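>>> just need the structure, nothing else, for what follows:
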Amino acid sequence: MYKVFYIVALFMISLFAQTNPLHVKVDIYSNASFITKSFQIKSQGVISLKLPAQTNLENISIKTKNCNTSNLSLSNPKKFKNQEIEKLTIKIEDLNNQITSLKEKNNLLKTLSLKDKKGKEISTTLEYFSKNFMQDIRSISDLKIKLRAANERLKMLQNQKASQYKNLHISFTCRDKGIMKVTYPEYNFRIRHFYDIKANSNTLQVQFIKKIKIIQKTGEDFENLDIYAHSNAYNQSVAPMPFYPKYLNFYPKKRVLMSKSMPVAMENTAINAKSIYRENLTTSSFVALHVKIKNNQEKIVELDKQIKNIKFQNDIDGYGTSRAYLKAKFKSDRYYQSAQAYIYLDNNQVGTRRLPNIKKDAKVSLYFGENQNIKIKKTLQRRFSESEFFGSKQINTQVWQYKISNAGKTMQKINLIERLPISQNEDIKVEPLFDTKKAKIDKKGKTIWSFNLAPSEIKTIKFGYKTTKPKK
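Got it, this is the predicted structure:
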């Protein structure tokens, strides 16, 4: 009898003791997330997992070592049972009953009659009514405050947590030190990428810090989670467009080839750092190791921090606002995806903007707001139009003068940027009306004067052009 009980006990331990995963990681793409749970198991038994209600058997991946799976089943959607929600529901019902009871009691008090009462009896009745009625009013008010708080908490819990799940059952048979890895899509785990960019005008350094905000409503508490934040999207087009011949008088209907990529390979990662950066053959990822986060919790995790030496310069957009904007440049040695950046200068937040995708080895330009120590005065000196009396041409002339001064205490590097019109018609001619040897002009008409400006120094620059085109 005892022997049988002992064997059954061992079997039950083998059956359910390994439900808690040995290791959990989540792979997060820009449009999807996948959780991988690793189990170390012996003998035989069943692993049971609660998966998102949207999960199907075909998007679950299972890899084993020294194990065989004999049965895989996924239940129909079930509703989550939350003990706090159940307690709140009971509490709300009890509070409502108390409020109703006190209201009924007060209604009864209102029916007290003073008829046929004399002297002291009237006084006693009024005192009893006043004391009990006002006490009940205060109690009802307190109960309503508690009821409102309980309802708000209940609503928050109902909105935060996934309402349904599916049970996954995996039957297995393993030899010694068996390993099973289960990967499935997780629709309730999201992250938001952002950057903190902090420049220091004294040390001439910039801290480029990549962070993520984790928002998870999976119904689980994670004590030791590894997060892989990938730079690419899941299920993106992974092959070029199919080739079709191009005919002069006929264009066949184009078709897009969509190839589904599989969930990332499940490898054993050496956990020896809090966060790491990885580059694969085609993509990159930032990895946060040993993250602790509870269900319905938001958490910010720092993934990467690069300190770069910089040199400041000031860009004046003469073609726009004619203001000086402080700029720093550095060379990126990593891939960074597009995200919102919070920009600081000398510990003061100066603004926020969305950074584009940054490629490895690319030159990154960062702006830190307007430099109000650089004063710019732009004056229109000449603007007129004239037509040749006997000819067929229309001539337009525009000339401006810039006076740029440095009200600061240090030398400043200045780039004045203007826009020279570009002719796309041989009948239209553009003639610069300034010294082109002192400025750089590119093919797009971007015209730049670069110079250093000492404290209290004033620089005068002339810019203008003349256009000649046929009369209409």
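>>> which residue ranges of this protein form helices?
Per DSSP state H, the chain carries helices over the ranges 2-16, 83-110, 119-160.
>>> ok, of these, where does mean pLDDT dip lowest?
With a mean of 40, helix 2-16 has the lowest mean pLDDT of the helices of the chain.
>>> remind me which residues of the stretch 251-400 of the chain are low pLDDT?
Where the stretch 251-400 of the chain drops to pLDDT under 70, the residues are 251-273, 388-391.
>>> so how many other residues sit close to the closest residue to residue 46 other than its chain neighbours?
Nearest residue to residue 46, sequence neighbours excluded (Cβ to Cβ, 6 or more residues apart in numbering): residue 171, at 5.3 Å. Glycine gets a C-beta too; all of them are placed from N, C-alpha and C. Taking other Cβ atoms under 10 Å as the neighbour definition, residue 171 ends up with a count of 15.
>>> likewise for residue 85?
A count of nearby residues for residue 85, using other Cβ under 10 Å, gives 15.
>>> thinking residue 343 is in contact with residue 197, fair?
Yes: between residue 343 and residue 197 there is a contact at 5.0 Å, judged by Cβ atoms under 8 Å.
>>> okay, and the common contacts of those two?
By the contact definition Cβ atoms under 8 Å, 6 or more residues apart in numbering, residue 343 and residue 197 are jointly contacted by residue 366.
>>> for the stretch 151-300 of the chain, which segments count as strands?
For the stretch 151-300 of the chain, the strands defined by DSSP state E, counting those that start in this stretch cover 164-185, 189-200, 205-216, 222-230, 275-279, 284-293, 297-309.
>>> hmm, who's touching stretch 457-471?
318, 381-382, 387, 392-406, 414, 416, 418, 420-421, 423, 425, 427-435, 447, 449, 451, 453.
>>> looking only at pLDDT, what's the mean for it?
According to the model, stretch 457-471 has a mean pLDDT of 93.
>>> buried sites along that stretch?
Neighbour counts over stretch 457-471 (16 or more other Cβ atoms under 10 Å) mark 459, 461, 463-465, 467-469 as buried.
>>> now it, how far from the chain's geometric center?
For stretch 457-471, the separation from the chain centroid amounts to 45 Å (computed by Cα atoms, centre = their mean, to the nearest Å).
>>> CA atoms only for it - export them in PDB, please.
Presented in PDB, the C-alpha positions along stretch 457-471 are these (Å, rounded to 0.1, in the frame of the first residue of the first chain):
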ATOM      1  CA  GLU A 457      32.600  90.200 -33.000                       C
ATOM      2  CA  ILE A 458      30.200  91.200 -35.800                       C
ATOM      3  CA  LYS A 459      30.200  89.500 -39.300                       C
ATOM      4  CA  THR A 460      28.500  91.000 -42.300                       C
ATOM      5  CA  ILE A 461      27.600  88.800 -45.200                       C
ATOM      6  CA  LYS A 462      25.800  89.700 -48.500                       C
ATOM      7  CA  PHE A 463      23.600  87.200 -50.300                       C
ATOM      8  CA  GLY A 464      21.500  87.700 -53.400                       C
ATOM      9  CA  TYR A 465      20.700  86.600 -56.900                       C
ATOM     10  CA  LYS A 466      19.300  87.700 -60.200                       C
ATOM     11  CA  THR A 467      17.000  85.500 -62.300                       C
ATOM     12  CA  THR A 468      16.400  86.000 -66.000                       C
ATOM     13  CA  LYS A 469      13.500  84.300 -67.700                       C
ATOM     14  CA  PRO A 470      11.300  84.800 -70.800                       C
ATOM     15  CA  LYS A 471       8.300  87.000 -70.600                       C
END
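>>> let's number from 32 now, not from 1
All set: I'll call the first residue 32, so the last point we hit is now stretch 488-502.
>>> what residue lies at the spatial centre of the chain?
residue 223 (2.0 Å; Cα atoms, centre = their mean).
>>> now do the contacts for that residue.
Each residue near residue 223 by Cβ under 8 Å, 6+ apart is listed here: 243-244, 246, 370.
>>> the same query, at a cut-off of 7 Å, please.
Contacts for residue 223 (Cβ atoms under 7 Å, 6 or more residues apart in numbering) come out as 243-244.
>>> once you drop chain neighbours, what's closest to residue 237?
Excluding the flanking residues, the one nearest residue 237 by Cβ to Cβ, 6+ apart is residue 230, at 4.5 Å.
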